[in-house]
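A.B. asks: Need a 3D model of the following:
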Amino acid sequence: MPSWKPAVGRLLSSLETRLVGALILIVAATGLLQIVTQREAFGLRRDGEALVHASAIAENADQFAEAVGKLRMATNRGLVASDDTGAELTDAAIAIGDQLGRLRNSGMALYDLPEASDPFADLDRHVSAILKVQSGDTARRGLINRIQTRNNAMAALAARIVERAHAEREAAQRRLVASIARWQMLVLSTGLVTILIVSLVLFDILKNILPAVRRMHRSLQSLANGDLDIEIGSFRLKELQDLSGPLETFRRNAKAVKNLAFSDAATGLPNRRAFQEDVSWLFSAAPDRRFACMLIDIDRFKHINDDYGHAAGDDLVRLIGGRLKTNLGDTSIVARVGGDEFAVCIEMSDGEAAIGLASRLTDSMRTPFSLGEYSVAITVSIGVAEVAASPDADIDEILRNADMALYASKKNGRNCATGFAPQMAEERAVDRALEKDLEAAFEKSELRMVYQPIHPVSETAREVEALVRWKHPVLGEVPPSTFIPAAERSGLMVRLGEWIIRRALQDFAHWPHNMLMSINLSPLQLQHDGFSAFLLDACSRHGIAPHRLFLEVTESLSIERNTRALLTLNLLRNMGFRIALDDFGTGYSSLSMVKSFKFDRMKLDRSLVMDLGQDPASVAVLEAAVTMARHVGAEVVAEGISEEHLIDATKGAGCTHLQGYFYSRPIEADEVPHYFTLSMAPQAEVA
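C.D. replies: Below is the predicted model of the structure:
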């Protein structure tokens, strides 16, 4: 290897050297381009000035030849017709003298004849001779010959002067064209060299420098995010190589510290690793005893962080951990294993059921927590796995079983405890497959809209509620109670909600303009940026006035604690949309929601309607709910009218609208106009 190669390698291994060298090359190429351009510009100016000078001479030569021609024409006319051309001859002679002087002053070599043979000398005598011939004072013949001979000589010499002037002008033009071509070639060559240098520099940056910097950035970002299992690696660039060594040392030290940390900083409780080791030790120390392992998840913890801030969320997690430890006692193991998830292991006494203990924990968490100026009520979902202790127990598998039970609690509506059953693994696999199939349902046109009529008690308004249906190619009709939660879990709810709105409004636009429509909204839609603009644009596109739409939201949304949702609902209502509170009367937040937001309509949950006529208490609850809704000026819709005897009871309680299978099941879009045309009168009578 030549001796200079290692030195060049060391030089190019420095990022600073490569960047500075690249800048120097670019500046040098740019300077060279400027010098070449400036030099050729001076040459072009010089050749341009020469062309202007040659063009001026050629123009003077043309004017000189024209003056000579005028003299000859005046001479011939006077000699032939004996006209009086004295003034014309004099003017022509003067013009010849003037143009001749200009040509001599321009430095042009006019002709090669001796001065004595100059045909333009003594033009005044020549003019006098012509005038004498015209006057007839002298012998005409010999004088006329001399005059014509001199005129011919002047014309010939003038033609030679014009020819030479034009030749010099053409030569100047050719020199200018050649200079322009040379300038273009030099500029193009220099520009190409500059582009080549810049391209090589850019290639080096994109191919070598930036990938190395990105790799270092990813390593730094991973370290900042707490990922200590990455490999920093080596770098060819000196600066990055100097940085990679300390970073690798830091990573190893941080990983060692992390491995030593067994507690959660926010709560002081054991973390997942500590929980696994403590449970493993406990099972080894107490074989064959019965234990309950639980995973406890805070329902809608994200809303708490959004509404009160992450600091309040951390305080709440700490208080929940303390309450769990207080309720379960010192013999239990309570750990925080996630942002809003706790793990519990406790020995069960004889005759005690693990699911019963979990249910009591669920109830204990409903008591509000005090966060300074706030009082926050939460619910939890619990998954329970009951096991017999063994030194060989797989703690990870036990936690997976508890997690599947927790998933079942979430699926069953949250705020409950569920024990693990072997079939849960299969059910969860089916749910995950369903979430995946739902994404393909959009492209395969498996989704469709149906519409269930809503009948007013004392009016003739026509209204339907838009409902989505999914016909799975294998499972057949999948109920909304199954695929709507799947959409929420998989992150497809916003897309599904937008599809429902577009399709429902597309159908709605073909129906009479005096009809109304109710559309259900997901809590995720109200928290999605740009939802209000999307809804208004969809209505504008189909020519639908906002006041013709009822937007149904469920009270489980807890609007009074969700600032973003409350602002979105206020904005939609100000735009003209009417807001309906769905499933009214089923949750703890009904009273506070009615106080927090003015709804246009309350939809009573079917659970308040189905027992009417059989349970007197149901009538009292229904009337109280209707009275509350009517007191704030809201319409009241009774859902679940499946039998005729429910009509009088709901009407008597003050409901303004009725909906249910007694009137109609959900129907297809093309059946809606026909339904109201043929069935409105008899249904109004029933109502």
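
A.B. asks: C-alpha only now, for contacts and for neighbours.
C.D. replies: Fine.

A.B. asks: ok, residue 329 - how many residues close by?
C.D. replies: Neighbour count for residue 329, taken as other C-alpha atoms under 10 Å: 12.

A.B. asks: can you check residue 276 too?
C.D. replies: Residue 276 has 19 neighbouring residues, counting by other C-alpha under 10 Å.

A.B. asks: Ok, residue 572 next?
C.D. replies: Using other C-alpha under 10 Å, residue 572 has 20 neighbouring residues.

A.B. asks: Identify the residues contacting it.
C.D. replies: 532, 578 (C-alpha atoms under 8 Å, 6 or more residues apart in numbering).

A.B. asks: Could you check which helix or strand contains it?
C.D. replies: Taking DSSP states H and E as the criterion, residue 572 maps to helix 563-575.

A.B. asks: moving C-terminal of that helix, what's the next helix or strand?
C.D. replies: Next along the chain after helix 563-575, taking DSSP H and E as the criterion, comes strand 578-584.

A.B. asks: What are the buried residues along that next one?
C.D. replies: For strand 578-584, the neighbour count (16 or more other C-alpha atoms under 10 Å) marks 578-584 as buried.

A.B. asks: Among those residues, which one lies nearest to residue 155?
C.D. replies: For the buried residues of strand 578-584, the closest approach to residue 155 (C-alpha to C-alpha) belongs to residue 578, at 103.4 Å.

A.B. asks: what ranges do the helices span in the stretch 151-300 of the chain?
C.D. replies: Secondary structure of the stretch 151-300 of the chain (DSSP state H, counting those that start in this stretch): helices at 210-224, 238-260, 272-285.

A.B. asks: Those helices: which one's closest to residue 455?
C.D. replies: Closest to residue 455 of the helices of the stretch 151-300 of the chain, according to C-alpha to C-alpha: helix 272-285, at 55.3 Å.

A.B. asks: Would you mind pulling up the elements that the longest helix along the chain packs against?
C.D. replies: Assignment by DSSP state H gives helix 15-81 as the longest helix of the chain. Here helix 15-81 touches helix 4-12, helix 86-105, helix 123-135, helix 140-204, going by 3 or more C-alpha pairs under 8 Å, 6 or more residues apart in numbering; DSSP states H and E.

A.B. asks: on that earlier part again, report the lowest-confidence entry in the buried residues of strand 578-584.
C.D. replies: On pLDDT alone, residue 584 ranks lowest of the buried residues of strand 578-584, at 76.

A.B. asks: Report the beta-bridge partner residues of that one.
C.D. replies: Note on residue 584: beta-bridge partners residue 604, judged by DSSP bridges.

A.B. asks: What spatial separation is found between residue 410 and residue 404?
C.D. replies: According to C-alpha to C-alpha, to the nearest Å, residue 410 and residue 404 sit 10 Å apart.

A.B. asks: Looking at those two, which is more packed in?
C.D. replies: Higher neighbour count among residue 410 and residue 404: residue 404, with 26 against 21, using other C-alpha under 10 Å.

A.B. asks: could the helices and strands packed on helix 15-81 go into JSON lines alongside mean neighbour count?
C.D. replies: JSON lines is the format used below for the helices and strands packed on helix 15-81 (neighbours: other C-alpha atoms under 10 Å):
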{"stretch": "helix 4-12", "mean neighbour count": "12"}
{"stretch": "helix 86-105", "mean neighbour count": "17"}
{"stretch": "helix 123-135", "mean neighbour count": "17"}
{"stretch": "helix 140-204", "mean neighbour count": "17"}
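
A.B. asks: Looking at the ones you listed, which is nearest to residue 248?
C.D. replies: If you check each of these against residue 248 by C-alpha to C-alpha, helix 4-12 wins as the nearest, at 23.1 Å.

A.B. asks: Show me what the mean pLDDT comes to for that closest one.
C.D. replies: Taken as a whole, helix 4-12 carries a mean pLDDT of 56.

A.B. asks: swap in stretch 296-308?
C.D. replies: For stretch 296-308, the mean pLDDT works out to 82.

A.B. asks: Report the distance from it to the chain centre.
C.D. replies: Taking C-alpha atoms, centre = their mean, to the nearest Å, one finds stretch 296-308 lying 28 Å from the centre of the chain it belongs to.

A.B. asks: Please name the residues that touch residue 539.
C.D. replies: Taking C-alpha under 8 Å, 6+ apart, one finds 505, 545-546 in contact with residue 539.

A.B. asks: measure residue 165 to residue 69 for me?
C.D. replies: For residue 165, the distance to residue 69 - C-alpha to C-alpha - is 17 Å.

A.B. asks: before we move on, what about residue 33?
C.D. replies: To residue 69, residue 33 is 53 Å away according to C-alpha to C-alpha.

A.B. asks: show me where the stretch 251-400 of the chain has strands.
C.D. replies: Applying DSSP state E, counting those that start in this stretch to the stretch 251-400 of the chain gives strands spanning 290-298, 333-336, 341-347, 369-371, 374-376, 380-388.

A.B. asks: could you dump those strands to CSV with distance to residue 125 and mean neighbour count?
C.D. replies: Output for those, formatted as CSV (distance: least, C-alpha to C-alpha, whole Å; neighbours: other C-alpha atoms under 10 Å):
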stretch, distance to residue 125, mean neighbour count
strand 290-298, 126, 25
strand 333-336, 128, 26
strand 341-347, 126, 23
strand 369-371, 126, 15
strand 374-376, 125, 13
strand 380-388, 130, 25
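
A.B. asks: before we move on, the earlier item: what would the helices and strands packed on helix 15-81 look like in a markdown table with distance to residue 371?
C.D. replies: Below are these laid out as a markdown table (distance: least, C-alpha to C-alpha, whole Å):
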| stretch | distance to residue 371 |
| --- | --- |
| helix 4-12 | 60 |
| helix 86-105 | 105 |
| helix 123-135 | 121 |
| helix 140-204 | 56 |
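
A.B. asks: In helices, which of the contacts of residue 539 fall?
C.D. replies: The members of the contacts of residue 539 that map onto helices under DSSP H are residue 505.

A.B. asks: Tell me the confidence at residue 655?
C.D. replies: Note for residue 655: predicted pLDDT of 92.

A.B. asks: got it, and residue 327?
C.D. replies: As predicted, residue 327 sits at a pLDDT of 91.

A.B. asks: Look up how far residue 334 lies from it.
C.D. replies: 11 Å.

A.B. asks: ditto for residue 154
C.D. replies: Distance of residue 154 to residue 334, given as C-alpha to C-alpha: 125 Å.

A.B. asks: Compare the mean pLDDT across the strands of the stretch 251-400 of the chain and name the weakest.
C.D. replies: Mean pLDDT is lowest for strand 374-376 out of the strands of the stretch 251-400 of the chain, coming in at a mean of 81.

A.B. asks: what helices or strands is it leaning on?
C.D. replies: Contact here means 3+ C-alpha pairs under 8 Å, 6+ apart; on that basis strand 374-376 packs against strand 369-371.

A.B. asks: Residue 70 contacts residue 92, correct?
C.D. replies: Yes - using C-alpha atoms under 8 Å, residue 70 makes contact with residue 92 at a distance of 6.2 Å.

A.B. asks: Only the buried members of the contacts of residue 539: can you turn that into a ChimeraX selection?
C.D. replies: This is how ChimeraX selects the buried members of the contacts of residue 539, with burial counted by 16+ other C-alpha under 10 Å:
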select :505,546
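
A.B. asks: Show me the contact partners of stretch 428-436.
C.D. replies: Defining contact as C-alpha under 8 Å, 6+ apart, one finds that stretch 428-436 is touched by 404, 483, 486-487, 489-490.

A.B. asks: same thing with stretch 445-460?
C.D. replies: Contacts for stretch 445-460 (C-alpha under 8 Å, 6+ apart): 441, 461-473, 500, 503-504, 651, 655-660, 663-669, 672, 680, 684, 687.

A.B. asks: as a whole number, average confidence for it?
C.D. replies: On average, stretch 445-460 scores 91.

A.B. asks: For it, buried residues please.
C.D. replies: 447-457.

A.B. asks: Distance from that stretch to the middle of the chain?
C.D. replies: Distance, centroid of stretch 445-460 to centroid of chain: 36 Å (C-alpha atoms, centre = their mean).

A.B. asks: secondary structure class for the residue nearest to residue 150 when sequence neighbours are not counted?
C.D. replies: The shortest distance from residue 150 to any non-neighbouring residue, by C-alpha to C-alpha, 6 or more residues apart in numbering, is to residue 119 (6.2 Å). Following DSSP: H, G, I helix; E, B strand; the rest coil, we place residue 119 in the coil state.
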